[in-house]
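Participant: sequence unavailable; structure follows:
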């Protein structure tokens, strides 16, 4: 997979937050999908991952995400991104910055290491 294709795949993953269309998870991710976050490491089936996404996408409903920096290195895409949307818990406009590393396997996202920082803007 070339750099542009890898970046397009990661952009589609970020679009999940804006579109709230979890059906694309089946197209984008391997089964199982491995997540490394501040809450630990999880090996999730696609059904489990979609359930988790459904719970967490409400943090930034209708979010627009910009990828501020990215590096494609072999089978990994490193990205720094900023999401803006409405937090349904507080009904406030929210900003969330991301540092994310996706590992791609056979044209799909197989593993992710993600750190999110709510309320911080790291854009250029």
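Facilitator: Cool, the structure landed. Note that this is a predicted model, so its numbers are computed, not measured. Numbering: from 1, shown residues only.
Participant: who's in contact with the closest residue to residue 3 other than its chain neighbours?
Facilitator: What sits nearest to residue 3 in space, not counting adjacent residues and going by Cβ to Cβ, 6 or more residues apart in numbering, is residue 72, at 4.2 Å. Where C-beta positions appear, they are placed from N, C-alpha and C, glycine not excepted. By Cβ atoms under 8 Å, 6 or more residues apart in numbering, the contact set of residue 72 is 3, 6, 7, 78.
Participant: and residue 72, what helix or strand is that in?
Facilitator: Here residue 72 is covered by strand 61-73, with elements defined by DSSP states H and E.
Participant: just checking: what are the partner strands of that strand?
Facilitator: When pairing is defined by DSSP bridges, strand 61-73 lines up against strand 76-87 (antiparallel).
Participant: for this protein, which helix is longest?
Facilitator: Looking across the chain with DSSP state H, the single longest helix is helix 3-19.
Participant: related to what we said a few turns ago, just give me how far the strand holding residue 72 sits from the chain centre.
Facilitator: 8 Å (Cα atoms, centre = their mean, to the nearest Å).
Participant: now do it against helix 3-19, angle only.
Facilitator: 160 degrees (axes from the mean of the first three to the mean of the last three Cα atoms, to 10 degrees).
Participant: what mean pLDDT would you report for strand 61-73?
Facilitator: This predicted structure assigns strand 61-73 an average pLDDT of 85.
Participant: in it, which residues are buried?
Facilitator: 61, 63, 65, 67, 70, 72 (16 or more other Cβ atoms under 10 Å).
Participant: cool, stretch 74-82 as well?
Facilitator: 77, 79, 80, 81, 82.
Participant: same thing with stretch 50-57?
Facilitator: 50, 53, 57.
Participant: can you tell me which of those residues is nearest residue 41?
Facilitator: For those, the closest approach to residue 41 (Cβ to Cβ) belongs to residue 53, at 16.9 Å.
Participant: just say helix, strand or coil for that closest one.
Facilitator: Three-state call for residue 53 (DSSP: H, G, I helix; E, B strand; the rest coil): helix.
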